[in-house]
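Undergrad: sequence and predicted structure, then a few things I'm wondering about:
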Amino acid sequence: MSGCRLRAWLVRSAYWLAPALVLLAIASPHLDQGGFRSDTGRYAAVGLQAWREGNLLDLHLQPGVPYQNKPPLALWVHGLVLHLGGVSVWAARLPVVMLAAASVALVSAIGARLAGRSAGFFSGLAFALTYEYFRRVREISLDVWQTFFMLGAAWLILHAVRARTRRTMLLAGASVGLALMVKPLVGLIVLPFMGVWMAATARARLVPALAWALASAALVAAPWHIAMSLRRGPSFSGQYFGAEVVGRALGEIQSLPPWYYLDILLRTYWPWNIVLLAGAWGWFRSRRRTAAREPAPGPEPSAHASGRRELVALGLVWGLGWLGLISLFPDKYPRDAIPAYAGLAWIVGAVLAPRLAARRPRLSARLEWVLLIGAPALGLLLWMLPIRWQSGHEPARAELLAWIASAPREEVWAWKLSSNDLGDLYLALGWWPRDAGAGDAPGAPAGAFIITRRHFGLTPLPSGDEVFRSGDDRYVVTRYAPRP
C-alpha cells in the first residue's frame, strides 16, 4: 500500500481504528504476567486437551468427565492457539484481547452508521475505556466472545435494513449462530432487541425479515447441539439446558439482589455516568420546553440529529434491555454485563458528539489522529516499562507442582478441587490428576496421594498421613487411608 493510499485509508478508518488501538494499548502490555485467573485455566485446559487428543467433539474435564457446560467454539480457538504456540498465559489471553479490540471497532462502526463519524468515535472510545470491560479481556472470557458476535450481528442487521438485502440478514443470523456456539441460548436476544429498535424507529415493516436471521442462526448452531444430544443423551441435556440454563435462572448456583448491576454501574462506570446524567437532564429540559411550547434555544449544530435519536434508541434497547434482563435472574456475575456496556457507549457517543462539535467542530477529528499516534506509543511504552501489571501465579502452586514432580503420576488424585484448579494443573503438568470425586470421602484406593485445596481452611482433609502442605496452608496432600 503506497503512502498516499495508506493515509487515505487512515483518514477513512480513524474513527473506529483509534478507539480499538486505545483498548489494545491498555489491555495488551505485559500480557504474559499473572496466572490463569478466573475461568481461564478450565477453558484453556479443555480446549488444549481436545486438540492434543484430536477429538474436538467430545470435550472433557479430566479423563472420563465430559465437559458439557458450554458450546465449544471459543474453547476450540483458545486450545488451538495453545496447541500451536505452547502453553503460556499470553497465548491463552491473546484471542480475547484481539476480539475485544474488534468489538470496540464494531461499536464505533454502528455509532457512525446511525449518527455520524463523531458519534461513532466517542461511542467506541467510551466502550474501550469502560473499566469493567477492559479489565475482563486479560482472561478467557466467553462474554467478550459473545459480545463480539452479537455486535457483528447488529452491524449486519443495520446494513441489511438500509440495503434491503436478504443475504446480509442471513449473514447477521450466522453471527447470532456463532454467539450460540459460545454460550447457551443467550445470543438469540439480539434479534428481539433489533426488532424492538426497528419498531421504535418507524421500521416495524422490516421486523419480519429477522426471521431469515433466525433461520440462519439455527443452521449454524443446531448441528453441534443435535450431535451432542444424540451422542450423550439425557446427560447432555440435563447439564447443558438443565443446570446451565434453568438452574442458573432459578438461582441454584447463587442468588444476588436485583440491584446488583446498578451497584456496579454506580461504582465503576465513571466518568461516563456524568455523560449519561447530562444526557438525561438535556432530554428532560427539552421535554419541558416542548410541553411549555417554548422554542429551542437554537438550531442543532449537526445534520445527524435524527441519527443520534436512533442511536440513543438502540443504546436504550441494548444497554438497559440487557441490564434489565440479567437483573431478573438471581445468578449474577459482573462479566455478564459486558454486552450492556456497548449499548451505554452508544448513548455516551450520541450525547458527547453534538455538545463537543458545537464548541469545537474539528475536535473529534483531531482526537482521532492524536490517538492513532499516541495509543500505539503508549502501549509500547507500557510494554517497555518494568511495571508489575498483574501478580504471578501464587507461590503455593509452585510448591505443589514441585511436590507432584516427585510423585508417581498414577497415584496422584484430586479431591474437592475446583475445575479451574484442575485445569491449571493440567496446563502445568500436561496430564490430569485422577478424579477422587466430590463426596464426603474420596473415591480413591488406599495409599493414593489425595490433593485437597483448603478454601479458607474450611475444606475437610481426607483420612491418612499428611505428606505435603504448602507454605500458606492452601494445598494439602494426604496419603489416603480410608476409615473402616
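TA: Now that the structure is in, tell me what you want to look at.
Undergrad: now the strands for this structure?
TA: 412-414, 434-435, 449-453, 464-469, 475-480 (DSSP state E).
Undergrad: mean pLDDT lowest where, among those?
TA: The weakest mean pLDDT among those belongs to strand 434-435, with a mean of 87.
Undergrad: what's that one packed up against?
TA: Strand 434-435 sits against strand 412-414, with contacts defined as 3 or more C-beta pairs under 8 Å, 6 or more residues apart in numbering; DSSP states H and E. Heads up, the C-betas are built off the backbone N, CA and C, glycines and all.
Undergrad: name the helices or strands packed onto the strand it packs on?
TA: Counting by 3+ C-beta pairs under 8 Å, 6+ apart, strand 412-414 packs on helix 419-429, strand 434-435, strand 449-453.
Undergrad: in its sheet, what does that strand sit against?
TA: strand 434-435 (parallel), strand 449-453 (parallel) (DSSP bridges).
Undergrad: winner for burial among those?
TA: strand 449-453 (a mean of 22; mean count of other C-beta atoms under 10 Å).
Undergrad: contacts for that strand, please.
TA: Residues outside strand 449-453 that contact it (C-beta atoms under 8 Å, 6 or more residues apart in numbering): 400, 404, 407, 411-418, 421, 433, 436, 442, 444, 459, 461-462, 464, 467, 474-480.
Undergrad: again, 6 Å this time
TA: 407, 411-417, 421, 436, 442, 459, 461-462, 475-478, 480 (C-beta atoms under 6 Å, 6 or more residues apart in numbering).
Undergrad: quick one: residues contacting the spatially most central residue of the chain.
TA: With distances taken as C-alpha atoms, centre = their mean, Val144 lies nearest the centre of the chain, 2.1 Å away. With contacts defined as C-beta under 6 Å, 6+ apart, Val144 is in contact with Val96, Leu99, Ala100, Val137.
Undergrad: now do it, the pLDDT please.
TA: The model's pLDDT for Val144 equals 96.
Undergrad: same question, Asp421
TA: 87.
Undergrad: likewise Pro462?
TA: 87.
Undergrad: distance of it from Tyr480?
TA: With the distance defined as C-beta to C-beta, to the nearest Å, Pro462 ends up 5 Å from Tyr480.
Undergrad: then Leu125?
TA: Leu125 is 57 Å from Tyr480, by C-beta to C-beta.
Undergrad: give me the more crowded residue out of these two.
TA: Leu125 (27 against 22; other C-beta atoms under 10 Å).
Undergrad: please name the nearest non-neighbouring residue to Arg117.
TA: Tyr15 (4.7 Å; C-beta to C-beta, 6 or more residues apart in numbering).
Undergrad: I'd say the one you found and Phe121 touch.
TA: Yes: the pair Tyr15 and Phe121 passes the contact test of C-beta atoms under 6 Å, sitting 4.2 Å apart.
Undergrad: what sits in contact with each of the two?
TA: Common neighbours of Tyr15 and Phe121 (C-beta under 6 Å, 6+ apart) are Glu368.
Undergrad: who touches stretch 30-38?
TA: Val89, Trp90, Arg93, Glu139, Trp389, Gln390, His393, Asp424.
Undergrad: list just the nearest of those residues to Arg359.
TA: Trp389 (36.6 Å; C-beta to C-beta).
Undergrad: relative to Trp383, how far out is the closest residue to that closest one other than its chain neighbours?
TA: Closest residue to Trp389 apart from its sequence neighbours, by C-beta to C-beta, 6+ apart: His30 at 4.0 Å. Using C-beta to C-beta, one gets 7 Å for the distance from His30 to Trp383.
Undergrad: more neighbours: which of the two?
TA: Using other C-beta under 10 Å, the more surrounded residue of His30 and Trp383 is His30, with 17 against 14.
Undergrad: need phi/psi at that one.
TA: Here is the backbone geometry of His30 (degrees, to the nearest 10): phi 50, psi 50.
Undergrad: from Ala101, how far out is it?
TA: 17 Å.
Undergrad: go on, Ala163?
TA: Counting by C-beta to C-beta - Ala163 and Ala101 are separated by 27 Å.
Undergrad: and Val89, by the same measure?
TA: 19 Å.
Undergrad: what does Glu132 give?
TA: Counting by C-beta to C-beta - Glu132 and Ala101 are separated by 17 Å.
Undergrad: so these two - more neighbours on which side?
TA: Here Glu132 and Ala101 are compared on neighbour count by other C-beta under 10 Å; more neighbours surround Ala101, at 23 against 18.
Undergrad: spatially nearest residue to Ala215 (excluding sequence neighbours)?
TA: Nearest to Ala215 is Gly173, by C-beta to C-beta, 6+ apart, at 6.5 Å.
Undergrad: same question for Ala213.
TA: Gly173 (3.4 Å).
Undergrad: ok, now which ones touch the one you found?
TA: Gly173 touches Ala213, Ser216, Ala217, counting by C-beta under 6 Å, 6+ apart.
Undergrad: which stretches of the stretch 351-484 of the chain have low pLDDT?
TA: 358, 361, 392, 456-458 (pLDDT under 70).
Undergrad: same check on the stretch 151-300 of the chain?
TA: Ranges of the stretch 151-300 of the chain meeting pLDDT under 70: 246-254, 287-300.
Undergrad: helices of that one, start to end?
TA: 166-180, 190-200, 210-232, 234-237, 248-249, 260-268, 272-292 (DSSP state H, counting those that start in this stretch).
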